[in-house]
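# Give me coordinates for this.
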Amino acid sequence: MTNTLYQHSPTELTRSTEEVLQVVIQGTAAVTGQAFFPALVQHLASALGVRHCAVTKILADGQMRTLGFFSDGQLKSNITYNPVAGPCEAVLEQNQYYCPYGVQELFPDNPVLPALEADSYVGVCLQDTEGKILGNLLVIDSNPILDRQLHESILKLFAARAGAELERQQTFLALQQLNEELEVRVERRTAALQDALHDLKQTQAQLVQSEKMSSLGQLMAGIAHEINNPISFIAGNLNHVTHYAKDLLQLVDTYQEVLPSPPPEIQQALVECDRDFVRQDLPRLLSSMKAGSDRIQELVRSFRNFSRLGEAEKKIVDLHEGLNSTLVLLSYRLKPAAERSEIQVIKHYGTLPEVECYPGSLNQVFMNILANAIDALDEHASDRQPHPRIQIRTAVVDRSVTICIADNGPGMKPEVQKRMFEPFFTTKAVGQGTGLGLAISYQIVVERHQGKMYCHSTEAEGTEVTIEIPI
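Take a look at the predicted model:
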């Protein structure tokens with residue numbers, strides 16, 4: 001079928017150009033965005049009377065992708081094709097290309113032209129405001145296209161608009177992508193700042209806690225020093241008092257043997273002083289005083305041992321000494337309470353070598369774990385465990401000293417167990433816990449001593465915390 005537009009006179013051709021413009025403009029004037037390209041090719045094909053019309057864009061890999069494809073009276077799905085060895089490549093090289101007939105003979109290696117039954121081809125390039133080629137606008141027909149001026153002028157007019165629309169869309173997509181990238185960067189930066197703020201708060205809290213423990217260590221060292229002098233004086237003189245008391249009692253016995261019938265005044269004094277009771281009770285009294293002084297001296301040693309909190313350097317120490325000193329300081333909490341019996345502490349100490357470590361820091365770890373175990377037994381004493389118990393086991397396993405501290409308290413739920421070493425996480429009531437004790441303990445063991453610290457807990461059965469310190 002021959003296009004009737006080609007048989008008109010010059011005056012009628014001018015009117016036909018105007019008619020083509022009017023048809024296409026009316027069909028695309030109100031259309032923008034992605035819908036513009038399908039509307040453009042549909043109305044161009046209809047107005048020019050051709051079988052095929054397409055508008056394309058160049059992809060990053062050099063191939064071309066249709067933005068709108070109208071063929072044989074229908075809008076088709078967009079396709080991607082290689083412009084090499086075809087008229088589209090000529091458009092990209094020359095900015096426009098016109099073949100009135102025999103296009104398949106000129107491009108015999110192009111696979112698209114036979115599929116479209118192409119005989120004629122007219123195409124012009126799409127450009128942005130800087131002259132960069134973005135794609136092309138083309139028409140293909142099975143009959144010759146002889147009116148070059150009509151087709152090229154129409155295609156150039158609408159190629160300009162299509163190029164502007166494509167540039168606008170690409171700019172919009174670029175801005176959208178840039179905005180998304182900025183949002184991602186902002187989110188990452190915000191997350192980084194939040195992490196930094198969290199780390200700062202954690203560090204601040206740990207510094208405060210460390211300062212408190214350091215002050216506590218200094219206070220204990222001062223108290224231990226002040227108590228040690230008078231108690232050493234008392235303990236040292238108790239032995240002399242014991243000997244003096246024995247000598248005096250022996251002197252009284254000697255007087256009684258030499259003077260079995262003393263004057264009435266002496267007999268009355270012997271009755272009033274109840275010599276037999278004094279003879280029996282005085283050794284017990286002195287023994288109690290000796291036990292009391294020994295207990296005070298033990299507390300002083302525990303104070304001195306625990307006051308190592310203020311020491312920063314590593315030392316070679318016996319970890320059992322630190323455990324025992326911590327238990328001494330917590331002994332008042334192990335005694336019977338209103339709703340529970342005395343907490344029994346069972347020690348299964350293995351043979352441990354002396355370990356090079358930060359003893360004050362490890363004492364703090366022992367204090368936190370044992371205090372938490374006592375808290376757990378106290379909080380559920382009335383309805384959980386009638387015989388509260390804490391077990392401490394030590395051993396050497398795989399070149400590490402292993403310390404296990406277990407209680408038979410209520411245990412922990414899995415979700416609590418997962419978060420127990422998180423800073424500021426606590427299950428205690430407001431004002432009773434900061435959530436820093438175990439977090440700082442974990443940091444001391446894992447980061448400062450390159451060791452391990454983990455927990456195993458079963459609800460209604462108890463909790464066991466294990467510490468591994470490399471030898």
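
# which residue is nearest the centroid of the chain?
Residue closest to the mean C-alpha point of the chain, counted by C-alpha atoms, centre = their mean, is residue 195 at 8.2 Å.

# Point me to the helix or strand that includes that one.
Assigned by DSSP states H and E, residue 195 belongs to helix 148-258.

# mean confidence for whatever helix or strand comes next after that helix?
The helix or strand immediately downstream of helix 148-258 is helix 264-273, counting by DSSP H and E. The average pLDDT within helix 264-273 is 80.

# Figure out how far the following helix or strand past helix 264-273 is from the centre of its chain.
Toward the C-terminus, helix 264-273 is succeeded by helix 275-306 as the next helix or strand (DSSP H and E). On the basis of C-alpha atoms, centre = their mean, to the nearest Å, helix 275-306 sits 55 Å off its chain's mean C-alpha point.

# what's helix 275-306 packed up against?
helix 148-258, helix 319-329, helix 359-379 (3 or more C-beta pairs under 8 Å, 6 or more residues apart in numbering; DSSP states H and E). C-beta: built from backbone N, CA, C; applies to glycine.

# repeat that for 6 Å
Applying 3 or more C-beta pairs under 6 Å, 6 or more residues apart in numbering; DSSP states H and E, one finds that helix 275-306 contacts helix 148-258, helix 319-329.

# Of those, which is nearest residue 67?
Evaluated with C-beta to C-beta, the helices and strands packed on helix 275-306 place helix 148-258 nearest to residue 67, the distance being 7.1 Å.

# tilt between the closest one and helix 319-329?
Helix 148-258 and helix 319-329 are oriented at 70 degrees to each other (axes from the mean of the first three to the mean of the last three C-alpha atoms, to 10 degrees).

# what is the orientation angle of helix 148-258 with helix 359-379?
Using the same axes, to 10 degrees: helix 148-258 against helix 359-379 is 90 degrees.

# can you tell me which of the helices and strands packed on helix 275-306 the model trusts least?
Ranked by mean pLDDT, the helices and strands packed on helix 275-306 bottom out at helix 148-258, with a mean of 81.

# Determine the set of other helices and strands touching it.
strand 120-127, strand 133-141, helix 275-306.

# okay, now the nearest residue to residue 317 once chain neighbours are set aside: neighbour count?
Excluding the flanking residues, the one nearest residue 317 by C-beta to C-beta, 6 or more residues apart in numbering is residue 359, at 4.5 Å. Per other C-beta atoms under 10 Å, the neighbour tally for residue 359 reads 24.

# Does residue 359 touch residue 316 like I think?
No. Applying C-beta atoms under 6 Å, one finds residue 359 not in contact with residue 316, separated by 9.2 Å.

# So what's the predicted local confidence for residue 455?
In this model, residue 455 carries a pLDDT of 90.

# any idea how far residue 336 is from the residue nearest to residue 315 when sequence neighbours are not counted?
Nearest non-adjacent residue to residue 315, counting by C-beta to C-beta, 6+ apart: residue 359, 5.6 Å away. In this view, residue 359 and residue 336 are 32 Å apart by C-beta to C-beta, to the nearest Å.

# do residue 79 as well
87 Å.

# Then residue 131?
94 Å.

# So those two - more neighbours on which side?
Using other C-beta under 10 Å, the more surrounded residue of residue 131 and residue 336 is residue 336, with 10 against 7.

# does the more buried one count as helix, strand or coil?
State at residue 336, reduced to three classes by DSSP: H, G, I helix; E, B strand; the rest coil: coil.

# List the contacts of it.
Counting by C-beta atoms under 6 Å, 6 or more residues apart in numbering, residue 336 touches residue 342.

# and what of residue 102?
Residue 102 sits next to no residue when contact means C-beta under 6 Å, 6+ apart.

# Show the backbone phi and psi for it.
phi 70, psi 30 (degrees, to the nearest 10).

# show me where pLDDT drops low in the chain?
Applying pLDDT under 70 to the chain flags the ranges 1-15, 202, 205-222, 224-225, 302-312, 381-385, 423-436.

# Quickly list the domain ranges of it.
Listed domain ranges for the chain are 4-176, 312-471 (source: automatic domain parsing).

# Can I get these in CSV including distance to residue 266?
Putting these into CSV (distance: least, C-beta to C-beta, whole Å) gives the following:
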stretch, distance to residue 266
domain 4-176, 116
domain 312-471, 48
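
# Surely residue 399 touches residue 471?
Yes. Between residue 399 and residue 471 there is a contact under C-beta under 6 Å: 5.4 Å.

# quick one: which of those two has more around it?
Between residue 399 and residue 471, counted using other C-beta under 10 Å, the more crowded position is residue 471 (13 against 8).

# Contact partners for the more buried one?
So residue 471 contacts residue 399 (C-beta under 6 Å, 6+ apart).

# coming back round to it: can you give me the distance of the residue nearest to residue 317 to residue 29?
Where residue 29 is concerned, residue 359 sits at a distance of 86 Å (C-beta to C-beta).

# gap between residue 278 and residue 337?
39 Å.

# Repeat that for residue 24.
From residue 24 over to residue 337 (counting by C-beta to C-beta), the distance is 94 Å.

# quick one: which of the two has more around it?
Neighbour comparison, residue 24 and residue 337: the larger count goes to residue 24, with 23 against 15 (by other C-beta under 10 Å).

# Residue 438 versus the nearest residue to the more buried one once chain neighbours are set aside, what's the distance?
Leaving aside its sequence neighbours, residue 24 sits nearest to residue 43 (C-beta to C-beta, 6+ apart; 4.6 Å). For residue 43, the distance to residue 438 equals 74 Å [C-beta to C-beta].
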